[in-house]
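[1] need a 3D model of the following:
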Amino acid sequence: MKKPSKYLILAGTFFTSLASIIIRFSQAPALVIAAYRMVFTCVMLSIPVYIKNRREFKSLNRRVLAMCMISGIFLALHFASWIQSIQMTTIANSTILVSCSPVFVAGINYFLFKEKITGKMIAGIVLSLMGTVLIGAGSSQGNETGMMVGNFLAFMGAVFVAGYFVIGGYARKTLSAGVYVYLVYSISAITLVAMCLLTGAPLYPYPPKEYILFFLLGFFSSILGHTTFNYLMKYYSSTLISVATLIEPIYASLMAFLVFTEIPSLFTIIGGIIIITGIYFCLIRSDTP
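    Residues are numbered from 1 along each chain as shown. Model (predicted):
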């Protein structure tokens, strides 16, 4: 089978970047948005995935299922924290901070899979962390506590999605994209619905507009976005896939400016440049596919 173009990552990142814009139009609680996003995604994938991969489902073992469960929980925590951050800070801050995930992916791959870490990678990590501190410091002006919390949640979203990427890169070596994403998305949906019930976040009723937004998130950002990443993980490293998230702040900030006239602060612009520079510096490796 011919290896797919790595430039498909750019298309996947464009679709995931639409999520921040769609979420801004929603009035529902963050957990509810995340839960319905994954529920709609699973519903849309159920029939095509089952028809194509029903035999593979029957041959799954416990180890693979355990990996998918952990990955799904990481994805649920990522959505829960990141979507809440969008409602508390700017789209630019949220997408830039969540894009720190490649640093954690590189670190996890180093400790778990003994991937080589160079001086450039260490320097990149330091630069990236300096950028996050700068964004946080800028948001603290005027005692904007809510924005500070939103920035922290976006940063935690980067940590959680890193776990999801690393497991995906490993699991996709033996699982088809359809089976892997359906299992992970299903676990994520169950986890998020459970979180809604435990925290008292109302799952209904909502006006039709909200359900349309949930559907758009599921179709564009999950199926066309995240599923593209998971499909490519069989052919490219999880580190390379995670680097694609660096393009998301550019897409999202541009759309936020066009749709909401949201102009990033000077701290966000400078901090974002430092983070993106640091992560690229961290991940430049001669053996990257």
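[2] for the rest of this, base every contact and every neighbour count on C-alpha atoms.
    OK.
[3] helix or strand for residue 162, which one?
    Residue 162 is part of helix 145-171, with elements assigned from DSSP states H and E.
[4] give the next helix or strand downstream of that helix.
    Next along from helix 145-171, by DSSP H and E: helix 177-199.
[5] buried residues in that next one?
    Neighbour counts using 16 or more other CA atoms under 10 Å place 177-193, 195-196 of helix 177-199 among the buried residues.
[6] got the angle between it and helix 145-171?
    150 degrees (axes from the mean of the first three to the mean of the last three CA atoms, to 10 degrees).
[7] by mean pLDDT, point me to the weakest helix or strand of the chain.
    helix 119-139 (a mean of 74; mean pLDDT, DSSP states H and E).
[8] any idea how far it is from the chain center?
    Chain-centre distance of helix 119-139: 19 Å, with CA atoms, centre = their mean, to the nearest Å.
[9] stretch 18-36 now?
    With CA atoms, centre = their mean, you get 14 Å for stretch 18-36.
[10] from the rest of the structure, what touches it?
    Stretch 18-36 is contacted from outside by 76, 79-80, 83-84, 86-87, 91, 95, 188-190, 192-193, 195-196, 201-203, 206, 210, 213-217, 220-221, 252, 255-256, using CA atoms under 8 Å, 6 or more residues apart in numbering.
[11] if you count neighbours, what's buried in that stretch?
    Buried residues in stretch 18-36 (16+ other CA under 10 Å): 18-21, 23-24, 26, 28-36.
[12] do you know the pLDDT at the closest residue to residue 87 other than its chain neighbours?
    Spatial nearest neighbour of residue 87, chain neighbours left out: residue 24 (7.1 Å); criterion: CA to CA, 6 or more residues apart in numbering. At residue 24, the model reports a pLDDT of 89.
[13] next, residue 24: secondary structure please.
    helix (DSSP: H, G, I helix; E, B strand; the rest coil).
[14] any idea how far the helix holding residue 162 is from the chain center?
    That offset, for helix 145-171, works out to 7 Å (CA atoms, centre = their mean).
[15] what of stretch 50-57?
    26 Å.
[16] again, but for stretch 227-243
    Using CA atoms, centre = their mean, the offset of stretch 227-243 from its chain centre is 12 Å.
[17] ok, now stretch 265-284?
    Relative to where its chain is centred, stretch 265-284 has its mean C-alpha point 18 Å off (CA atoms, centre = their mean).
[18] repeat for stretch 27-42
    Using CA atoms, centre = their mean, the offset of stretch 27-42 from its chain centre is 14 Å.
[19] cool, stretch 64-79 as well?
    On CA atoms, centre = their mean, the centre of stretch 64-79 falls 12 Å from the chain's centre.
[20] ok, residues contacting it?
    By CA under 8 Å, 6+ apart, stretch 64-79 touches 34, 156-161, 163-164, 167-168, 171, 180, 183-189, 191-192.
[21] same thing with stretch 148-160?
    74-75, 77-79, 81-82, 84-89, 93-95, 97-101, 104, 136, 139-140.
[22] buried only: go through those residues for me.
    74-75, 77-79, 81-82, 84-89, 93-95, 97-101, 104, 136, 139.
[23] among these, which lie within strands?
    Of these, none are assigned to strands by DSSP state E.
[24] which of the residues you listed fall within helices?
    Among the buried ones among the contacts of stretch 148-160, the members falling in helices (DSSP state H) are 74-75, 77-79, 81-82, 84-86, 93-95, 97-98, 101, 104, 136, 139.
[25] show me what the helix or strand residue 242 falls within is packed up against.
    Residue 242 is part of helix 238-243 when elements are defined by DSSP H and E. In terms of contacts (3 or more CA pairs under 8 Å, 6 or more residues apart in numbering; DSSP states H and E), helix 238-243 is packed against helix 101-113, helix 145-171, helix 266-283.
[26] cutoff 7 Å now
    Contact analysis of helix 238-243 by 3 or more CA pairs under 7 Å, 6 or more residues apart in numbering; DSSP states H and E lists helix 101-113, helix 145-171 as its packing neighbours.
[27] hmm, back to that, distance of the residue nearest to residue 87 from residue 227?
    Between residue 24 and residue 227 the distance, using CA to CA, to the nearest Å, works out to 22 Å.
[28] one more: residue 18?
    Distance from residue 18 to residue 227, by CA to CA: 15 Å.
[29] sorry, back to before: now do the helix holding residue 162 against helix 101-113, angle only.
    Using the same axes, to 10 degrees: helix 145-171 against helix 101-113 is 40 degrees.
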